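Trainee: generate a structure from the sequence data that follows.
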Amino acid sequence: MEVRSLAFRTDLLLRRLAGSVILDHPSHQVVRTPANPFFWWGNFVLVTPDALPDALGLFAAAFPDASHLAVGVDGTDGEAGHRAEWERHGIDVETDTVLTASFLRTPAHPADASLRTLTEDDWELAAHLRHACDESEPSEENTAFQAAKLAEERRLCEAGDATWFGAFVDGQMRAGLGIVPDGQGLARYQHVETHPAFRRRGLASSLVHFAGTKAMAEGARTLVMVADPDAEAIGIYRSLGFTKTEHQVRLQRSVDP
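Mentor: Numbering: from 1, shown residues only. As a prediction, this is how the structure comes out:
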């Protein structure tokens, strides 16, 4: 299967670097992340639009014991088939906006913070920030997922496959993000987050600009960001020079109804 979606191509890049197992079929791909079984989008099926009618069966065959459903739809225009039919099955259709930039504008209101790459001693601060930003219902599964995801990000940085950045205020990490280059001119942002008590202070925009500028200085020609079209953050990205390129469609459900 030849993946057309820029968002899923960079998602799959990250999964490969993280050690996920990816099985390729003519109509779909199966992605497994054994190190983090609670990570929905580390354990999913990516289908072509033509294979959408078979999506539920393909996922069930690949993950017979899963307590979730996660199906990505390869494409660029946001096509998800008959949304009403998915909703009838209790499935959420998530359509995100994929933005790209080949240059970045300087933030209108730069943050009063220290911006830098994370050191070995900063990962505990990153964990505190992740916990503060997590709006999920507390559960053992979510705690395990978050711990495994942060450990994965750290391993990627230690291997030189990614770089994580932080915005520090009074010695505390109040915003963070990662960048993963593909070695061929693309660089994908990961997990842009700001502590709830420090939002609207320019931390995110300054950090996105800082990290992206460094990535381009190291060879990236196109920066890739995937964002919720209804979230406030997308306005920040557009103000920095990101423009809409395509859409990413994901079908998901927590448990069988």
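Trainee: low-confidence ranges, the chain, go.
Mentor: For the chain, applying pLDDT under 70 flags the ranges 255-257.
Trainee: pop the domain breakdown of it in here.
Mentor: 6-96+249-253, 114-240 (automatic domain parsing).
Trainee: start and end of the shortest one, how far apart?
Mentor: When you say that, I think you mean domain 6-96+249-253. One end of domain 6-96+249-253 sits 23 Å from the other (CA to CA, to the nearest Å).
Trainee: what residue in the protein is the furthest from its centre?
Mentor: Centroid-distance maximum for the chain: Asp170 at 28.0 Å, with CA atoms, centre = their mean.
Trainee: quick one: it and Leu14, what's the gap?
Mentor: Going from Asp170 to Leu14 by CB to CB, to the nearest Å gives 32 Å. For glycine as for every other residue, the C-beta is placed from the backbone atoms N, C-alpha and C.
Trainee: thought Val226 was touching Asp96?
Mentor: Yes - using CB atoms under 8 Å, Val226 is in contact with Asp96, at 5.1 Å.
Trainee: joint contacts of the two?
Mentor: Taking CB atoms under 8 Å, 6 or more residues apart in numbering as the criterion, Val226 and Asp96 both touch Ala7, Gln248.
Trainee: shouldn't Leu17 be in contact with Ala162?
Mentor: Yes - using CB under 8 Å, Leu17 is in contact with Ala162, at 7.3 Å.
Trainee: skipping its backbone neighbours, what lies nearest Phe168 in space?
Mentor: The shortest distance from Phe168 to any residue other than its chain neighbours is 4.3 Å, reached at Ser114 (CB to CB, 6 or more residues apart in numbering).
Trainee: the stretch 51-200 of the chain: strands as residue ranges?
Mentor: 69-73, 92-101, 114-117, 163-169, 172-181, 186-194 (DSSP state E, counting those that start in this stretch).
Trainee: same drill for Leu17 and Ala162, tell me which one is more crowded.
Mentor: Legend: neighbour count by other CB atoms under 10 Å for Leu17 and Ala162, higher for Ala162 (22 against 16).
Trainee: tell me the contacts of that one?
Mentor: Listed by CB under 8 Å, 6+ apart, the contact set of Ala162 reads Leu14, Leu17, Glu153, Leu156, Gly178, Ile179, Val180, Gln190.
Trainee: how far away is the nearest residue to the fifth one once chain neighbours are set aside from Asp170?
Mentor: Spelled out, it's Gly178. Take Gly178 and drop its neighbours on the chain: the residue closest to it by CB to CB, 6+ apart is Gln190, 3.8 Å away. Note on Gln190: its distance to Asp170, by CB to CB, is 25 Å.
Trainee: ok, Gly166 to Gln248 distance?
Mentor: Remark: distance between Gly166 and Gln248 (CB to CB) = 26 Å.
Trainee: between these two, which is the more surrounded one?
Mentor: Neighbours of Gly166 and Gln248, each counted by other CB under 10 Å, are more numerous for Gly166; the result is 25 against 22.
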